[in-house]
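Trainee: sequence? don't have it. structure:
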Ligand SMILES: Nc1ncnc2c1ncn2[C@@H]1O[C@H](COP(=O)(O)OP(=O)(O)O)[C@@H](O)[C@H]1O
Ligand SMILES: O=C(O)[C@H](O)C(=O)COP(=O)(O)O
């Protein structure tokens, strides 16, 4: 294994897997740290954790366990992957996890670059943009668990760590890898936010850090890494292998992101079957996973079970019941619903949302996820068992017709 990756959520990990697989690396995503060695032909291993919003100490502990396993597989370089919208709170977890990994690897220069231009995520003067909006005006300021209220990544990361945060501006990145390396050497700080507004900038950054033991970012920062390994004669380019899967499909959505809510609306507008899940009904046991799975299995077409709701509705439920209680109840619901759907014969399962996808994958006791072809930017087809394929859609990713497109793509 050449590249060892640690993802702080499952959709983001598959997003990274998509980038690496498209560039020809043999990629496997693991649900948590595996108990056994990787297959010998795996070039990039991604340990997916559901650590983005868990207590900081637990996120650090699990990430260090993943690092130990990846080092034991012979990895030469390590990537800590978090959300392209830097989903975190001023109290953690990106900074503390990155610091723990850097300390363990004795890394003295670590870049932070969540840019993903293909998904509209760019960084300029240390500020993260989503499309033409600053992060704090993109809708991510209303995220149920990690409201992003400050677009300046240097300031946001600076609240999470006990050290200064440097910056490599776009003007430097435009001058190529050597200029970036020189700028990194000149930095007073170990942690450095790097600007990137184009894929070319990400390729430059990837070349500039080819000899750094640790780098952090979104999937975009990995764009240049496969080329680094191929230039060293270490990786053989080959595309993802894919075998389509026949059989019933279903969609589970817990994401409240703008993109997902638009996909839900499109699905309903097209007359496809949809069942809205009110967290209050779950908490009262007026609705159960068994009820929802039975409904979905009785549908023709592509059934959608969703709790996706607008920010005001989410806030109202959270204010009344507590966000962690609601999140835990919804995670348990989607995990159980997935188990019942698969037991009832579903062979193509689409999930929307990072926390939601993590709950479902863990609930299905999936160990390894084979990365297949891309469905939409950042979302690959994935095989998790001989008779079960999935698409783990990041909340903000996917075109409006994603659900139907994914079901068709998973079928082959
Ligand atoms: N109707 C709702 N009311 C309150 N919270 C909700 C509702 N639906 C989903 N949530 C919570 O919002 C969060 C969505 O997170 P996630 O699945 O990661 O989506 P995204 O990828 O958009 O961030 C989850 O923790 C979930 O429990
Ligand atoms: O946006 C990204 O970089 C990732 O794909 C991701 O981490 C998305 O997380 P979400 O919680 O599913 O939005």
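Mentor: Nice, I can see it. Every value quoted in this text rests on a predicted model; they were computed, and no experiment measured them. Numbering: from 1, shown residues only. Ligands and ions are numbered 1, 2, ... in the order given.

Trainee: quick one: residues in contact with stretch 86-95.
Mentor: Residues from elsewhere that reach stretch 86-95 (CB atoms under 8 Å, 6 or more residues apart in numbering): 8-9, 51-54, 56, 59-60, 80, 82, 112, 114, 128, 135, 140, 143, 145-146, 148, 153, 156-157, 159-161, 191, 216, 354. Every C-beta, even on glycine, is put in place using the N, C-alpha and C of the backbone.

Trainee: quick one: contacts for the closest residue to residue 335 other than its chain neighbours?
Mentor: Leaving aside its chain neighbours, residue 335 sits nearest to residue 363 (2.6 Å; criterion: CB to CB, 6 or more residues apart in numbering). Each residue near residue 363 by CB under 8 Å, 6+ apart is listed here: 334-336, 338-339.

Trainee: the residues you listed also near ligand 1: which ones?
Mentor: When contact is defined as CB under 6 Å from any ligand atom, the contacts of residue 363 do not meet ligand 1 at all.

Trainee: how about these in JSON lines, adding secondary structure and pLDDT?
Mentor: Output for these, formatted as JSON lines (DSSP: H, G, I helix; E, B strand; the rest coil; pLDDT from 0 to 100):
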{"residue": "334", "secondary structure": "helix", "pLDDT": "98"}
{"residue": "335", "secondary structure": "helix", "pLDDT": "98"}
{"residue": "336", "secondary structure": "helix", "pLDDT": "98"}
{"residue": "338", "secondary structure": "helix", "pLDDT": "98"}
{"residue": "339", "secondary structure": "helix", "pLDDT": "98"}
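
Trainee: which one of these is nearest to ligand 2?
Mentor: residue 334 (13.3 Å; CB to the nearest ligand atom).

Trainee: surely residue 389 is in a strand?
Mentor: Yes - counting by DSSP: H, G, I helix; E, B strand; the rest coil, residue 389 falls inside a strand.

Trainee: count of neighbours near it?
Mentor: 27 (other CB atoms under 10 Å).

Trainee: what is whatever helix or strand residue 262 lives in packed up against?
Mentor: Using DSSP states H and E, the element containing residue 262 is helix 258-269. Packing partners of helix 258-269 (3 or more CB pairs under 8 Å, 6 or more residues apart in numbering; DSSP states H and E): strand 249-253, strand 274-276, strand 304-306, helix 402-411.

Trainee: now with 10 Å, please.
Mentor: strand 249-253, strand 274-276, strand 304-306, strand 348-352, strand 388-393, helix 402-411 (3 or more CB pairs under 10 Å, 6 or more residues apart in numbering; DSSP states H and E).

Trainee: now distance to residue 124 too, for these, in JSON lines please.
Mentor: Output for the helices and strands packed on helix 258-269, formatted as JSON lines (distance: least, CB to CB, whole Å):
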{"stretch": "strand 249-253", "distance to residue 124": "32"}
{"stretch": "strand 274-276", "distance to residue 124": "39"}
{"stretch": "strand 304-306", "distance to residue 124": "35"}
{"stretch": "strand 348-352", "distance to residue 124": "29"}
{"stretch": "strand 388-393", "distance to residue 124": "27"}
{"stretch": "helix 402-411", "distance to residue 124": "28"}
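
Trainee: up against ligand 2, what does the stretch 51-200 of the chain have?
Mentor: 83-85, 87, 116.

Trainee: and which of those residues is nearest to ligand 1?
Mentor: Within these, proximity to ligand 1 (CB to the nearest ligand atom) peaks at residue 87, which comes in at 6.6 Å.

Trainee: so what pLDDT did the closest one get?
Mentor: On pLDDT, residue 87 comes in at 97.

Trainee: try residue 233
Mentor: 88.

Trainee: buried residues, stretch 146-154. List them.
Mentor: 146, 148, 150-154 (16 or more other CB atoms under 10 Å).

Trainee: end-to-end on that stretch?
Mentor: For stretch 146-154, the first and last residues are 17 Å from each other (CA to CA, to the nearest Å).

Trainee: so residue 202 sits against residue 115, correct?
Mentor: Yes - between residue 202 and residue 115 there is a contact under CB atoms under 10 Å: 6.3 Å.

Trainee: for the two, list the residues in contact with both.
Mentor: 194, 196, 217-221, 223 (CB atoms under 10 Å, 6 or more residues apart in numbering).

Trainee: now do the helices in the stretch 101-250 of the chain.
Mentor: 153-160, 170-173, 177-186, 199-208, 225-231 (DSSP state H, counting those that start in this stretch).

Trainee: which positions in the chain make contact with ligand 1?
Mentor: Going by CB under 6 Å from any ligand atom, the residues of the chain near ligand 1 are 143-145, 254-257, 260, 279, 307, 309, 314, 317-318, 326-327, 330, 353-356, 394-395.
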